[in-house]
Structure formats: C-alpha cells, structure tokens
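Q: need coordinates for the following:
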Amino acid sequence: MFLTRIRLSIKLTVNICKYSEQKVAQPLRSKKPKSTQTPVQNFIDLKCLRTVGGKGGDGCISFLHLWSNENAGPDGGDGGNGGHVIFKATTDVKDFIHVSSVVRAENGDKGRNKDCHGKNADHCIIGVPVGTVVKNSDGRVVGDLAHEGVMFVAARGGAGGKGNHFFITDTEQAPEICEYGAVGEDLEYTLEIKSMAHVGLIGFPNAGKSTLLRAISRARPKIAPYPFTTLKPHIGMVLYDDYEQIAVADLPGLIEDSHKNRGLGIQFLKHAERCSALLYIIDLSIDEPWQYLHTLQRELSLFSKHLLDRPQIVIGNKIDLPESRDNLEEIKNHTDLKIIGISAKLGTNVNELLREIRIIYDRSKENDDTL
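A: Model prediction:
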C-alpha cells in the first residue's frame, strides 16, 4: 500500500512538470508545401483614393394625353437619387488591396411620364479593415472605424431632379420646366490601418527579415542579395496548437536618418508605428552589430518616443557563421533587452523565438483586457 502511494505521487509529480513545461502554446509547423507560383501579394496598409458620389437622375417633362382629354396635364416624374460611397468596417478584409484608386457610386435613373419616378441608385459600400482611420485631403482625421459595422459616408450622391408635375401652381397649370439631377460629391481621402500586425520585424537591409518570415509562416516575400529587396510590408501568420494566430510583419529596411525621410524614411516608420511589438533583426556577422541596434532604437525614438515603450526583443541572426558566436556574447553587454540567437536560413532556435513571441502576445492581451 505504501509503495502504491509513492508510485502515484511520483506519477502526479511528473504530470505536473509536463503541464508546467507546456503552459506556453507550441507553434505549429505546416507540412504543406508552399506555392511555386511567382506572383507575391504584399500588404497595403495605406491607400490614397478618390470617391465620387452618383449623379441624381434628371426630371421629366411630359404631358398626359387621354382619348377623352388631350390636355390631361403634366405628368413628368422626378429623377432618382444618386448613390453614396460608404466605407464600412468589417473583419472580412485585412488590408486595402481590393480598394481601387477611384471609387464611383451609381447614378440615379431619370424620371418618366405618367408620374413615374426614377429609381434611387444603390449605395457603393466598400469594406475596410476594423481600425481604419480616414483622413481628408488636408490630413485631418474625419473618420475612425474602430468597431465592426461602423460606417463613414465618404461622398454623398446627388439628389434627383424634379419633373414638371412638381411645378404645378395655381397660376401655372402646364409648366414646361424640370430640374437636372445634382452632381455627387467628388472628394479625396487617405485610408490608414491603425494596427497592421501584432509583431513587426525591424532591421537594416539584408539583415534576414524576409528569410525569417518565410521560415515561421507561409508568406513568400522576395529574397535577394541586394539592399531594399522589400519595398512594401508582407504579413505572415504564425499558427499555434491552441488555434491562436499571430500576425508578423516583414517591414522595409531602415537606415540611418530615416526620421529625416532618408531612404524609405517616414513611410517605413509609419509601418513600425502600427505594430504592437517590435523585433530587432541584427546581422551578427558584421563588425560591431550593437551599433546597428543603437541606430535602430535612436531612429524609432526620434520619430515617436512612444515606440520604445512597446515590447521589444533583439534577434541575432546568422549565428551559423563562425564570426557570429563572439558577437552574440558581446552584444549582450550593450543592451538590457532579451537577445535570442537564431539562424533563419537553417532554422536554429526558431521555435524558441516563436515561444517568446507568444509570451509577448499573451501579455499584451492581458494588458488590453485590464484597460
């Protein structure tokens, strides 16, 4: 009896240890091969477009003729109203790749005889991601679609014109006038996504950001041995065994004086501003890689001092090269951030990195719930 109790306690202890080790969800590696097609879709989080409301239908001039009364009076109907251009926040879309540069609503139908009014045009409703910010041509925020189902009328359609039946008065029983339909609004807007990804990969050109995104997701950003291979952000989804998905963004390369709009400049820094957590990708094979880390942090702080308040991790890439081992130990003396040495090309320590990303994601969710 005593030995049985000992065995049960040992078995319970082993199960508890296994559970404590598996508290953090494990990343899933997809066994399905990636597509071999050449087209690559990038992530569009900024869109400048022109919206044109529909024109109202013209009124009709008509006089009713009956077999018993040739002068039965005016019977011209009114024109239909033009359609509006409306932005609607929805979870069905993730970016603006489906939004064209010019969005036009339909025109209203013309009025007809026998007092038949023209049909009102259907509204042109464009689905945009939840969290879209709408700015007018002056750069002023005029709409914030922060919740699903919220709509913003971007361009109103013109009202339909009145037919001659509308203008009958006591002194004018047979008016021969009508109205033209009003022209719809023609306005320009800039759409921006407030939050594009949970995690953003930040680094100098050729640091291995695109290679890492290919290693941890099914995204297929372009990889080449020359700088600025990535000109637009790419999004990859990292899957975990508890069905959670974390969006990771491969951002264009940053260089010194980017806050002065050098290189991709402000355009790049705006992408970084829309990520909840930041991962610095540092090439450990170069001389004094910690100088590049300090440059990245300085550029982010000069653009927005709040960026450095977000969760950050330093990823030392290319540890498969001989000269990278010493630099990995040396860079730990130049920063207080957590450092993970990986090889995106060979997959070394990639699972450890994905576990750290999940820990940051869970902490950010807890902080959001407490607000």
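
Q: make it CA atoms for all contacts and neighbour counts henceforth
A: OK.

Q: buried residues in stretch 68-81?
A: For stretch 68-81, the neighbour count (16 or more other C-alpha atoms under 10 Å) marks 73, 74, 75, 76, 77, 78, 79, 80, 81 as buried.

Q: actually stretch 338-349, sorry about that
A: Those would be 339, 340, 341, 342, 343, 344, 345, 348, for stretch 338-349 by 16+ other C-alpha under 10 Å.

Q: now do the strands in the stretch 251-371 of the chain.
A: 275-283, 312-317, 339-341 (DSSP state E, counting those that start in this stretch).

Q: quick one: residues in contact with the shortest one.
A: Judged by C-alpha atoms under 8 Å, 6 or more residues apart in numbering, the contacts made with strand 339-341 from elsewhere in the structure are 313, 314, 315, 316, 317, 318, 319, 328, 332, 349, 353.

Q: can I get those residues in a markdown table including distance to residue 160 and pLDDT?
A: Listed next are those as a markdown table, based on distance: C-alpha to C-alpha, whole Å; pLDDT from 0 to 100:
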| residue | distance to residue 160 | pLDDT |
| --- | --- | --- |
| 313 | 59 | 87 |
| 314 | 61 | 87 |
| 315 | 61 | 86 |
| 316 | 64 | 84 |
| 317 | 64 | 84 |
| 318 | 66 | 84 |
| 319 | 69 | 83 |
| 328 | 71 | 79 |
| 332 | 70 | 80 |
| 349 | 66 | 84 |
| 353 | 61 | 86 |
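
Q: now those residues in JSON lines, with distance to residue 155?
A: Shown next, in JSON lines, are these (distance: C-alpha to C-alpha, whole Å):
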{"residue": "313", "distance to residue 155": "44"}
{"residue": "314", "distance to residue 155": "46"}
{"residue": "315", "distance to residue 155": "46"}
{"residue": "316", "distance to residue 155": "49"}
{"residue": "317", "distance to residue 155": "49"}
{"residue": "318", "distance to residue 155": "51"}
{"residue": "319", "distance to residue 155": "54"}
{"residue": "328", "distance to residue 155": "55"}
{"residue": "332", "distance to residue 155": "55"}
{"residue": "349", "distance to residue 155": "52"}
{"residue": "353", "distance to residue 155": "46"}
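
Q: ok, the closest residue to residue 182 other than its chain neighbours - contacts?
A: Leaving aside its sequence neighbours, residue 182 sits nearest to residue 158 (C-alpha to C-alpha, 6 or more residues apart in numbering; 4.4 Å). Contacts were defined as C-alpha under 8 Å, 6+ apart; by that measure residue 158 touches 53, 54, 55, 56, 81, 82, 83, 181, 182, 183, 184, 185.

Q: now residue 176
A: Neighbouring residues of residue 176 by C-alpha under 8 Å, 6+ apart: 61, 164.

Q: that one - that's part of a strand, no?
A: No. With DSSP: H, G, I helix; E, B strand; the rest coil as the criterion, residue 176 is coil rather than part of a strand.

Q: partner strands of whichever strand or helix holds residue 142, with direction?
A: Assessed by DSSP states H and E, residue 142 sits inside strand 141-145. Within its sheet, strand 141-145 is paired with strand 132-136 (antiparallel), according to DSSP bridges.

Q: which residues are contacting the strand it pairs with?
A: Strand 132-136 has contacts (C-alpha under 8 Å, 6+ apart) with 89, 141-146, 188-194.

Q: between which two of those is the distance greatest?
A: 146 and 188 (20.8 Å; C-alpha to C-alpha).

Q: who has more neighbours, these two?
A: Higher neighbour count among residue 146 and residue 188: residue 188, with 18 against 15, using other C-alpha atoms under 10 Å.

Q: contacting residues for the more buried one?
A: With contacts defined as C-alpha under 8 Å, 6+ apart, the neighbours of residue 188 are 48, 49, 50, 51, 136, 137.

Q: sorry, back to before: adding distance to residue 130, write the strands of the stretch 251-371 of the chain out as CSV.
A: Formatted as CSV, the strands of the stretch 251-371 of the chain follow (distance: least, C-alpha to C-alpha, whole Å):
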stretch, distance to residue 130
strand 275-283, 15
strand 312-317, 25
strand 339-341, 33
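
Q: hang on, the earlier thing: identify, from the buried residues of stretch 338-349, the entry nearest to residue 301.
A: Closest to residue 301, out of all of these and judged by C-alpha to C-alpha, is residue 339, at 20.0 Å.

Q: can you name the residues bridging to the closest one?
A: Judged by DSSP bridges, the bridge partners of residue 339 are residue 314.
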